[in-house]
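Asks: Predicted coordinates and the sequence they were generated for:
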Amino acid sequence: MVTNRIEYCVAGSRRNGWKVLRQNRQLAHRRDMFDAVALATHIAEREARTGRSAVKVTLADKHQFIEAEPSLR
């Protein structure tokens, strides 16, 4: 049963690197955006498998906001 939504966000810039956040708390920092997105997605997918919470992964920076929700089975 899904009780709440856990949000993972990747935010930053090429210059300063990318932070991986869970519920607005920093989990990790990566220099490469793709590494940061891969890490956030991996963690979110593992958490989604437990079935206790829905998960959401977002990518944000100053100029754009991109949102994607992984499909849950």
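Replies: Now that the structure is in, tell me what you want to look at. Residues are numbered from 1 along each chain as shown.

Asks: Going by C-alpha atoms from here, please, whenever you check contacts or count neighbours.
Replies: OK.

Asks: So residue 47, which state does it fall into?
Replies: The three-state label given to residue 47 by DSSP: H, G, I helix; E, B strand; the rest coil is helix.

Asks: Tell me, how many residues neighbour it?
Replies: Here the number of neighbours of residue 47 (other Cα atoms under 10 Å) works out to 15.

Asks: Same question for residue 46.
Replies: Neighbour count for residue 46, taken as other Cα under 10 Å: 11.

Asks: Contacts only, for it.
Replies: Under the criterion of Cα atoms under 8 Å, 6 or more residues apart in numbering, the contact list for residue 46 is empty.

Asks: Check the gap between it and residue 22 for me.
Replies: For residue 46, the distance to residue 22 equals 13 Å [Cα to Cα, to the nearest Å].

Asks: next one: residue 16
Replies: 19 Å.
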